[in-house]
Structure formats: C-alpha cells, structure tokens
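*Asks:* Below are the sequence and a predicted model for it; my questions follow.
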Amino acid sequence: MQSGYDPSGVIRADQPGHAVFGGGSRARPGSGGSSSAVAPPAVSPAPPVEPDAQVFARASVRLRRSVPFDAAGWFAVDPATMLPANPVLIENVEQGRCRDYWHRENTVEDVLLFRDLARSDQPAATLLAATDGNLRRSARYREFLRPLAYGDELRVAMRTGGRTWGVAVLMRRVGRPPFTAREVDRVAAAGSRIAASLATIAAVTQPDAASTGPDHPGIAVFGPDDALVSMDLQAQRWFTELAGEGWWDKYQFRTVSTALAARAAAVTAGRDDGPATVRLRVPSGRWLTVTASRQAAVGGAAASTALVIMPASSSHVAPILLDAHGLTAREQEVTRAVAGGLSTNEIAAELHLSPHTVRDHLKAVFRKVGVASRGELVATLFDDVVRPGIDWQAAHTHW
C-alpha cells in the first residue's frame, strides 16, 4: 500500500512512521501518492534570489538536506506586530498566491497561525498535528493548500532572545509522507539560528550610500482586491528602495502591502486589535515605517486601503535595535536612561540600583552594541540618521 496522504485530508492509520523522501525537487504528478491526488500546478522558474534574501536561501539549502520539502515561504517579521518585513523568499509557489496566503493569515480564523505560533511554547509545528490528523479541519488546507496539491505544512516561528524575527512555512505535496516529530525539532533548532541571523541583519552595518531626496511620507491607495490604485512620487521612491526596480512585481512589495491591507481590514472589522504597522530595513540601510488604514466607502465607492510609507524615527527604530543587539530588559532600561541624559548616579536612583551595578550594565551594553562611549551609544541607537548599508555576509555567520 502506498504511503502518504489520503486525498480526503485524513491521515491513514496504516502509514509507516517514516518514508524515504527524495531531495528537494518538485514532486512529479502521480509519483509516490494516491492516483486521485490533485495534479500540481505549473510553476514558473524561480527568479534570482535578491541579495537581502540570501540568509533564507542558504538556510533553505542546508535545511532541505535533512527536512525535504516541495515549496516554502520565508519571511522576516516585525517582532512587535508579526507582520512580514524584509527579507522575503518564496520557493516554488505560483505567482500571485502570496496575496491569498497573507490575506488569509490576517482575516481567516484557523489553526496554527503565525501569531499564535509565536506565542506558543513550541516554536514549530505541523498542520497535521494541529488538526489531530484531519487536515480538512483547517480552512487553509481546504481553500489554499489542497487546491494547489499540497498536503502537510510545517510552520516555524524563528525566535531568539524572546523575540520572533521571522516565520517560515515548508510544504509537501499531496501523496508525500507527513513531516515527522524529528523533522519538526530540526526546523525549530534551525529557526533559532535563522533568527540570530535576522537580528544581525537589523543590527550590523557597513558603509553604503542611501538614496538621496526629500524624506517626506509617501501615500499609496489600494482597492478592495488589494491592487494598487494610485500613489504619489514619494511612495514610488520608498517602494523602489524596498524592492528595487520593478518593485510592483516583487515579493518584497506584494507581501508587505498585502499583509498590511489585510491587517487593516481585520482591525476595522474588529477581528484584530492591530496595529497595521511594520518597521523594516531596506537594502540601502534605511529604516522605513509602513502603516495601513482602511478608508470608509463614500457615495457608493468601494472601500479602499491607504498605505503611508516613510522613514522611521528613532523612537520607532530604537526598540527593535535594542532587541537586535541582545540587550536584556534591565540593559535596555539603562540604555534608555542614558539616551535621556541621566548620569550614572541618576540612573542608579531611578532604577533602584547601585552605581556600580549601573556601570556593569553599561559595560555589557557597550560590548554588545560595539561602542566605547555614551555618546556613541546614543548616536548608534537613537539618532534620526540614515543607517549605513546592511552587511549581509555578517548575517550568515550564524549558519
């Protein structure tokens, strides 16, 4: 009897505990599965991997050796809102499906959502386990995975230092064996290493020139189907910084805009308490803040979503940089006090510590951030300046 998934979406009790699962190539129609399995859709050749997504590309190659999969999505996220940021890598998924995926993630109640996984004690899990062996219990399986000929999926929240820096989903075709508990453990372990790399991306810098021009906010308007309707020149500039030339057809843009629009719709409908905001760092090194809000329909017009994109202020960026450098809660308190201009004795009184303890915390902060003085610390973490470009190679050291 063949191993794999029953096309009904219910795992069969007579399946062996493990099975040979070859390589990372796409499953061939009718190979290794039930004769009634849905034929996989045609997928266009993958575009070249953008430099900022190399951290995911390298992780994918290494992980695939021990945890084979047929398709995947890798997303950096804003730790505060769990919305996708930059970088993004999509593997072997049809063009245009990104919108469906993130719209569903923010507007459809289902099991094993990324935001729930980020709060779970276990950072990785499979859809099969979350549905007690009955995949049809998941709306995502019925309406997204199954029509595309995917069966089980393995999701991971990439966490380090108590923060989630990215999420990923690995998918296997209908007819393939389900992900095993050992594979879940491997992906969870890999997730913590990838999270460390993503935190490094947020923190490390190298000399590079950011684009020049006015730093005004840009505004873009999206229709009810999340299609871009209009934008001003500033929005076009920021989108270009985010995803490069041809940004309108790239995953970096589509993922961020779709997820924000979906979150804004969920907030308006009372399904989510928001916020529909993401902080992200673009390849030039600049931090941007992108916020979406649902616009009320007037005079019979369809409702739309306004997206405001602008350079992030230090008050927005500092919290993510403090986390990225691995500062403890107490070290962050001391650092904020330093930014407020307090002396060692004043910090000690404010935080009910001894001056000696404050100095010890400052030494640890200087070491983690890579600075030698209070002034340099404040300039690195709190100044409203364009950060130098990202050192992507340094981010790979965790692998």
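*Replies:* Received, thanks. In this text the structure is predicted, and so the values were computed from the model without any measurement.

*Asks:* rest of the way, CA atoms for contacts and neighbours
*Replies:* Fine.

*Asks:* For Gly166, see how far away Asn106 is.
*Replies:* Between Asn106 and Gly166 the distance, using CA to CA, to the nearest Å, works out to 16 Å.

*Asks:* quick one, which of these two is more surrounded?
*Replies:* Neighbours were counted for Asn106 and for Gly166 using other CA atoms under 10 Å; Gly166 has more, 32 against 25.

*Asks:* Give me the sheet partners of the helix or strand where the more buried one lies and which way each runs.
*Replies:* The secondary structure element spanning Gly166 is strand 163-173 (assigned by DSSP states H and E). In its sheet, strand 163-173 lies beside strand 71-77 (antiparallel), strand 150-160 (antiparallel), with partners assigned from DSSP bridges.

*Asks:* Measure how far the lengthiest helix in the chain is from the centre of its chain, please.
*Replies:* Of all the elements of type helix in the chain, the one with the most residues (DSSP state H) is helix 181-203. Average the C-alpha atoms of helix 181-203, do the same for its chain, and the two points are 12 Å apart (CA atoms, centre = their mean, to the nearest Å).

*Asks:* contacts for the helix or strand following that helix?
*Replies:* Past helix 181-203, heading to the C-terminal end, the next element that is a helix or strand (DSSP H and E) is strand 218-222. Applying CA atoms under 8 Å, 6 or more residues apart in numbering, the contact partners of strand 218-222 are 228-236, 238, 261, 304-310.

*Asks:* filter those residues to the buried ones?
*Replies:* If you count burial by 16 or more other CA atoms under 10 Å, the buried members of the contacts of strand 218-222 come out as 228, 231, 234-236, 238, 261, 304-310.

*Asks:* Distance to Arg176 and secondary structure for the residues you listed - can I get that in TSV?
*Replies:* TSV is the format used below for those (distance: CA to CA, whole Å; DSSP: H, G, I helix; E, B strand; the rest coil):
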residue	distance to Arg176	secondary structure
Leu228	38	strand
Met231	44	strand
Gln234	47	helix
Ala235	44	helix
Gln236	43	helix
Trp238	42	helix
Ala261	34	helix
Ser304	41	strand
Thr305	40	strand
Ala306	42	strand
Leu307	41	strand
Val308	43	strand
Ile309	42	strand
Met310	45	strand
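
*Asks:* would you turn those into CSV with pLDDT and distance to Arg281?
*Replies:* As requested, the buried ones among the contacts of strand 218-222 are exported to CSV (pLDDT from 0 to 100; distance: CA to CA, whole Å):
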residue, pLDDT, distance to Arg281
Leu228, 92, 22
Met231, 95, 21
Gln234, 94, 17
Ala235, 95, 16
Gln236, 94, 16
Trp238, 94, 11
Ala261, 91, 19
Ser304, 89, 26
Thr305, 93, 23
Ala306, 94, 21
Leu307, 95, 17
Val308, 96, 16
Ile309, 95, 12
Met310, 93, 12
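
*Asks:* of these, closest to Gly274?
*Replies:* The shortest approach to Gly274 among the buried ones among the contacts of strand 218-222 belongs to Ala261, at 11.4 Å (CA to CA).

*Asks:* Name all residues that make contact with the closest one.
*Replies:* Taking CA under 8 Å, 6+ apart, we find Ala261 in contact with His103, Phe222, Asp226, Ala276, Ala292, Ser293, Arg294, Thr305, Leu307.

*Asks:* and with 10 Å instead?
*Replies:* Under the criterion of CA atoms under 10 Å, 6 or more residues apart in numbering, the contact partners of Ala261 comprise 102-103, 106, 221-226, 267, 276-277, 291-294, 304-307.

*Asks:* With Glu346 instead?
*Replies:* Applying CA under 10 Å, 6+ apart, the residues near Glu346 are Ala337, Val338, His352, Leu353, Pro355, Val358.

*Asks:* Pull out the buried residues from the residues you listed.
*Replies:* Buried positions within those, assessed by neighbour count (16+ other CA under 10 Å), are Ala337, Val338, Pro355, Val358.

*Asks:* Okay, and which of those residues map to helices?
*Replies:* Counting by DSSP H, the buried ones among the contacts of Glu346 contribute Ala337, Val338, Pro355, Val358 to helices.

*Asks:* follow-up on the earlier one: CA atoms only: put the longest helix of the chain into PDB for me.
*Replies:* Taking only C-alpha atoms (Å, rounded to 0.1, in the frame of the first residue of the first chain), the coordinates of helix 181-203 have been written out as PDB:
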ATOM      1  CA  ALA A 181       8.500  14.900  15.000                       C
ATOM      2  CA  ARG A 182      12.200  14.700  14.400                       C
ATOM      3  CA  GLU A 183      11.900  17.000  11.400                       C
ATOM      4  CA  VAL A 184       9.900  19.400  13.500                       C
ATOM      5  CA  ASP A 185      12.700  19.500  16.100                       C
ATOM      6  CA  ARG A 186      15.300  20.100  13.400                       C
ATOM      7  CA  VAL A 187      13.300  23.000  11.900                       C
ATOM      8  CA  ALA A 188      12.800  24.500  15.400                       C
ATOM      9  CA  ALA A 189      16.600  24.400  16.000                       C
ATOM     10  CA  ALA A 190      17.300  25.900  12.600                       C
ATOM     11  CA  GLY A 191      14.700  28.600  13.300                       C
ATOM     12  CA  SER A 192      16.700  29.900  16.300                       C
ATOM     13  CA  ARG A 193      19.900  30.200  14.200                       C
ATOM     14  CA  ILE A 194      18.000  31.900  11.400                       C
ATOM     15  CA  ALA A 195      16.500  34.300  14.000                       C
ATOM     16  CA  ALA A 196      20.000  35.200  15.100                       C
ATOM     17  CA  SER A 197      20.900  36.000  11.500                       C
ATOM     18  CA  LEU A 198      17.900  38.200  11.100                       C
ATOM     19  CA  ALA A 199      18.700  40.000  14.300                       C
ATOM     20  CA  THR A 200      22.200  40.500  13.000                       C
ATOM     21  CA  ILE A 201      20.700  42.000   9.800                       C
ATOM     22  CA  ALA A 202      18.900  44.500  11.900                       C
ATOM     23  CA  ALA A 203      22.000  45.400  13.900                       C
END
